[in-house]
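Novice: Predicted model and sequence follow; I will ask about them next.
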Amino acid sequence: MNPLLQYFNTAPFSKISTKDFKPAIKTEIEKTKKEIDVIVSNTETPTFENTTVPLDFTGEKLGRITSIFFNLNSAETNDEIQKIAKDISPWLSEFKNDVILNEALFQRVKMVYDSKDSVSLTPEQSMLLEKQYKSFARNGANLNDLEKTELRKIDTELSKLSLQFGENVLAETNAFQMHLRNKDDVAGLPESVQEAAQQLAKENKKEGWIFTLGYPSYIPFMTYSDNRELRKKLAVAAGKKAFQKNEFNNELIVLDIVKLRHQRANLLGYKTHAHFVLEDRMAETPEKVLSFSNELLLKAKPAAQKEFNELETYAKKLDNIDQLQKWDGAYYAEKLKKERFNLDQEILKPYFKLENVIAGVFTIATKLYDLQFKEVFDIDKYHENVKTYNVTDTNNNFIAVFYADFHPRKGKQNGAWMTSYKPQQIKNEINERPHVSIVCNFTKPTETKPSLLTFNEVTTLFHEFGHALHGMLANTTYNSLAGTSVSWDFVELPSQILENWCYEKEALELFAKHYETGEVIPMEYVAKIKESASFHEGMQTLRQLSFGLLDMQWHGQNPSEITSVKEFENEAFAETKLYPDGAENCMSTAFSHIFQGGYSAGYYSYKWAEVLDADAFEYFLEKGIFNKEVAAKFKENVLSKGGTEKPMELYKRFRGQKAKPDALLKRAGLI
Ligand SMILES: [Zn+2]
C-alpha cells in the first residue's frame, strides 16, 4: 500500500519511499478532478455553500502530498527526487490550467460572486469569494473566445521571453572569468576568498586565481580587493551582462516583455501591468507605490548624498581618489565601516550558541503570545538532525507541530526559509492545527565547539521564526487564507518585526550569554551592532528605491513609445543617481527579479515591508517590547488573521492608524 494514500497526520517520512510520490500524486489529481466534477454537476443554483466552500476544500490530500514532496526537494533532495520534480511539475500546472479554464466551473463561481451583495457573508467569506473569482478572472475567464486565444498567445510568448532573458543572463555570467596570476593582484582579499578563487582555478586546470560574476566570487572581490583597476574590470563586466552586441543581448527582450505585459493588462481591463499586479496587494495602486517611494526618497536623498560625499572624501584621503566610481563604493565603505565600528563577528559568536538562541526565541514567543515549546521525539522526520516540537498555549491546548532543520548538508538548498506540511483550517467545526517548519543553513558544531551563530544568522533565525509564528498562530476557516497566505507586500511583516528583538537589551539578556562563561553580551557590543546596522542606510535606501522606481517606470505606463532601454533607464535613475554612469553598462538587461522572476511591479515590497515592521515595532517600543496588550493586538489582528481581510484593515486595527515611514527613517538614522 502506498503510505501517501493512507490516512496520516504528521508527514509519514520514514514510511515513504521515493517511488511512492508519482503514483500518489497521479491518483490525487484524478480524485481532485472528480471532486470538482461533483461541484460542477450540481443542479442547484450556485451558492457560497455549494460552490465556493467545496471548491476551496478540493485537493486537500493532493496539497499535503505535494507539500511533502517539494519540501523534500528543497531540504533533502537527490537525483531521483529532482527527476520526479521534473516529471510532476507539468502534471500539476496542466491540472491547474484545466481548473482555471473550466468554463462551467467559472460560471458557477461567477454566479455566486455576482450575487454577493444579496447574501450576508463574513469578511473572511467575502475574501475567499473574491480570491476565488479573481483567480479565474485575472486569467481571462471573462474574455470572449477571440480574446482568450490572444491572451494564451501572449502568455506563451511571455514565458518564452522570460526564460530566454534568464538564459542570456546566465550565459553572460558564465562567459566571463578573471584569471589572475600575480600574488599582488589578490592583495586585500581575505584568506577564504583567495582559497575559493584558487580552487576555481584548479578546477579549470589553471595556475593562480579565478574570479567570476557569480555573487560568492564577485561580492567579496568588490568589497576587499585593493586593486582598483581589477575592481573596475570586474564591475564593468558585471554591468554589461546581456547588454553587449552578441546573441545574448536582452534589450529587445526587455522591450518585448514590457509591451506584452502592457497588452495583457489592457486585455484584462487594467490600465497598465502595474495596475494589474497591485490590485491584490496591500499597496493597491501604482500611484500609492509612487507616492510612498517619493516620500522616502525625499528623506533618504540628502542623507545618501551626505554619506556619498563622506565616502568620497575618505577615498580621497586614503588613496587620492578624485571621483568615486561604482567599483569603489563597496571597497571604501567596508574600510570606513571597519574603522568606525571595528565590529568583529568572531567576538560576538560565543554569545550566540544555537541552543541558547532557540531557547531565547521560544522564551520571547512565550512572553508575547503565551506559547510553550516542548521538544518531542515521537514525530516522524526526514533527517535525524531535524528537531520536532509540540507547541501548546498556556492552557495546554495544542497549537502546532514545529519542525526545525538548522544545518547545511548535501541535498539541501542554500538560504533559509519557512514552510509547512499541513495548513490550518476549520473543517466540520474542528480546528485543524498546522505543521510548520523552518529550514536554515547555520554554522555547524565542530568537535571542540558548539554551533556558534554569526549575528546575521541570529537575525535570520528570528526572521524565519517570525514567519513560523504567522503559520502556527493561524486561526481561519479556509486554508487558502490561512497563515502566510497573504499578499506579497504584507507577508514579511511578521518575520521582519521579530528581527527587532535581536537588538534590544531586554531580549538579549534572555539568551545572548557566553557559551563558556555564561556572561551576558556586553551592551557596548549591542550598541555597536545597532549603530553599524544603520551604516550607510541613506545610500542603501536610495539604491533600493532606485530599483523599485525603475521597476514601476517599466510597468506603470504605456511602453509603446520606448525605443532605447538605456535611455529609458537613465531617465528613471535621474532622481536617485550618485555614481557616474557608464555608457557600456545597463541594469535592466540583467534585472532578473522583474524580467525573469515574479517580482515585476513588486520590487517596492522590500521597502514597504520595512516601513511596516519599523512602524509596528515602534508601537512595542512605546509600550514595552514584551507588552502583553500590544502583543495580543498583533496576534489577534495580524498573526492569526492570515489573508481573511484586507491587510490595510488588519494593520490599522492593530496599530490604530496607517503605517508611517517615520519609525523606519528614525531606525535608519535618516531623521
Ligand atoms: Zn521572509
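Specialist: On my side now, so go ahead. Residues are numbered from 1 along each chain as shown.

Novice: can we go C-alpha only for contacts and neighbour counts from here?
Specialist: Noted.

Novice: which residues in this structure form strands?
Specialist: Taking DSSP state E to define them, one finds strands in the chain at 177-180, 209-212, 372-376, 387-392, 398-405, 417-422, 425-427, 430-432, 435-439.

Novice: now those as JSON lines including distance to His273, mean neighbour count and mean pLDDT?
Specialist: What follows is the strands of the chain, written out as JSON lines (distance: least, C-alpha to C-alpha, whole Å; neighbours: other C-alpha atoms under 10 Å; pLDDT from 0 to 100):
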{"stretch": "strand 177-180", "distance to His273": "37", "mean neighbour count": "17", "mean pLDDT": "97"}
{"stretch": "strand 209-212", "distance to His273": "35", "mean neighbour count": "23", "mean pLDDT": "97"}
{"stretch": "strand 372-376", "distance to His273": "45", "mean neighbour count": "16", "mean pLDDT": "98"}
{"stretch": "strand 387-392", "distance to His273": "43", "mean neighbour count": "19", "mean pLDDT": "98"}
{"stretch": "strand 398-405", "distance to His273": "39", "mean neighbour count": "22", "mean pLDDT": "98"}
{"stretch": "strand 417-422", "distance to His273": "29", "mean neighbour count": "22", "mean pLDDT": "97"}
{"stretch": "strand 425-427", "distance to His273": "33", "mean neighbour count": "16", "mean pLDDT": "96"}
{"stretch": "strand 430-432", "distance to His273": "38", "mean neighbour count": "14", "mean pLDDT": "98"}
{"stretch": "strand 435-439", "distance to His273": "34", "mean neighbour count": "24", "mean pLDDT": "98"}
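
Novice: For these, could you give me CSV that also reports distance to Leu252?
Specialist: Output for those, formatted as CSV (distance: least, C-alpha to C-alpha, whole Å):
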stretch, distance to Leu252
strand 177-180, 26
strand 209-212, 26
strand 372-376, 54
strand 387-392, 50
strand 398-405, 44
strand 417-422, 35
strand 425-427, 47
strand 430-432, 51
strand 435-439, 39
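
Novice: Quick one: mean pLDDT for stretch 620-640?
Specialist: Averaged across stretch 620-640, pLDDT comes to 98.

Novice: so how far is Ser451 from Ile65?
Specialist: 33 Å (C-alpha to C-alpha, to the nearest Å).

Novice: still on that earlier bit, which among the strands of the chain is found nearest to Phe620?
Specialist: With C-alpha to C-alpha, the closest approach to Phe620 among these belongs to strand 372-376: 21.5 Å.

Novice: what's in contact with the closest one?
Specialist: When contacts are defined by C-alpha atoms under 8 Å, 6 or more residues apart in numbering, strand 372-376 is touched by residues Phe362, Ala365, Thr366, Lys387, Thr388, Tyr389, Asn390, Val391, Thr392, Asp393, Thr394.

Novice: and stretch 297-313, how far from the chain's centre?
Specialist: The chain centre lies 28 Å from the centre of stretch 297-313; the measure is C-alpha atoms, centre = their mean, to the nearest Å.

Novice: from now on call the first residue 320
Specialist: From this message on, residue numbering opens at 320, which makes the last subject stretch 616-632.

Novice: Pull out the buried positions in that stretch.
Specialist: Across stretch 616-632, burial judged by 16 or more other C-alpha atoms under 10 Å covers Leu616, Lys618, Ala619, Lys620, Ala622, Ala623, Gln624, Glu626, Phe627, Leu630, Glu631, Thr632.

Novice: where does this protein have low pLDDT?
Specialist: By pLDDT under 70, the chain contains no weakly predicted segment.

Novice: Nearest residue to the residue nearest the centre of it in space, ignoring adjacent ones along the chain?
Specialist: Nearest to the geometric centre of the chain sits Glu811, at 7.6 Å (C-alpha atoms, centre = their mean). Nearest non-adjacent residue to Glu811, counting by C-alpha to C-alpha, 6 or more residues apart in numbering: Ala928, 5.9 Å away.

Novice: if I look at Leu532, how far off is Gly485?
Specialist: 15 Å.

Novice: still on that earlier bit, pretty sure the residue nearest to the centre of the chain is touching Lys926, no?
Specialist: No - contact criterion C-alpha atoms under 8 Å: Glu811 and Lys926 do not qualify, at 10.4 Å.

Novice: excluding its backbone neighbours, what's nearest Ile745?
Specialist: Thr796 (4.5 Å).

Novice: Thought Lys746 was touching the one you found, still the case?
Specialist: Yes - Thr796 is within contact range of Lys746, at 7.1 Å (criterion: C-alpha under 8 Å).

Novice: Quickly list what's touching both of these two.
Specialist: Common neighbours of Thr796 and Lys746 (C-alpha under 8 Å, 6+ apart) do not exist.

Novice: quick one: Val555 from Met541, how far?
Specialist: 11 Å.

Novice: likewise Lys578?
Specialist: Taking C-alpha to C-alpha, one finds Lys578 at 35 Å from Met541.

Novice: More neighbours: which of these two?
Specialist: Met541 (25 against 21; other C-alpha atoms under 10 Å).

Novice: Please name the residues that touch the more buried one.
Specialist: Counting by C-alpha under 8 Å, 6+ apart, the residues that Met541 touches are Arg550, Ala554, Trp646, Asp647, Ala649, Tyr650.

Novice: Kindly report the same for Lys979.
Specialist: When the contact criterion is C-alpha under 8 Å, 6+ apart, the partners of Lys979 are Val930, Leu931, Asp934.

Novice: Hmm, Pro980 and the last one touching each other?
Specialist: So the one you mean is Asp934. Yes - using C-alpha under 8 Å, Asp934 makes contact with Pro980 at a distance of 7.0 Å.

Novice: quick one: which of these two has more around it?
Specialist: Asp934 (23 against 19).

Novice: What residue, apart from its backbone neighbours, is nearest Thr396 spatially?
Specialist: Gly730 (4.6 Å).

Novice: again, but for Phe367
Specialist: Val431 (6.1 Å).

Novice: Burial check on that neighbour, number of neighbours?
Specialist: 23.

Novice: and if you look at Thr682?
Specialist: When neighbours are defined as other C-alpha under 10 Å, Thr682 has 19 of them.

Novice: okay, now the residue nearest to it when sequence neighbours are not counted: neighbour count?
Specialist: Nearest residue to Thr682 in three dimensions, chain neighbours excluded: Leu829, at 7.8 Å (C-alpha to C-alpha, 6+ apart). For Leu829, the number of neighbouring residues by other C-alpha under 10 Å comes to 16.

Novice: What of Glu658?
Specialist: For Glu658, using other C-alpha under 10 Å, the count is 10.

Novice: can you tell me which residues contact the residue nearest to Ile745?
Specialist: Applying C-alpha under 8 Å, 6+ apart to Thr796 gives the contacts Gln744, Ile745, Lys746, Asn750.

Novice: Using JSON lines, please lay out these together with distance to Asp406.
Specialist: Formatted as JSON lines, the contacts of Thr796 follow (distance: C-alpha to C-alpha, whole Å):
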{"residue": "Gln744", "distance to Asp406": "30"}
{"residue": "Ile745", "distance to Asp406": "33"}
{"residue": "Lys746", "distance to Asp406": "32"}
{"residue": "Asn750", "distance to Asp406": "35"}
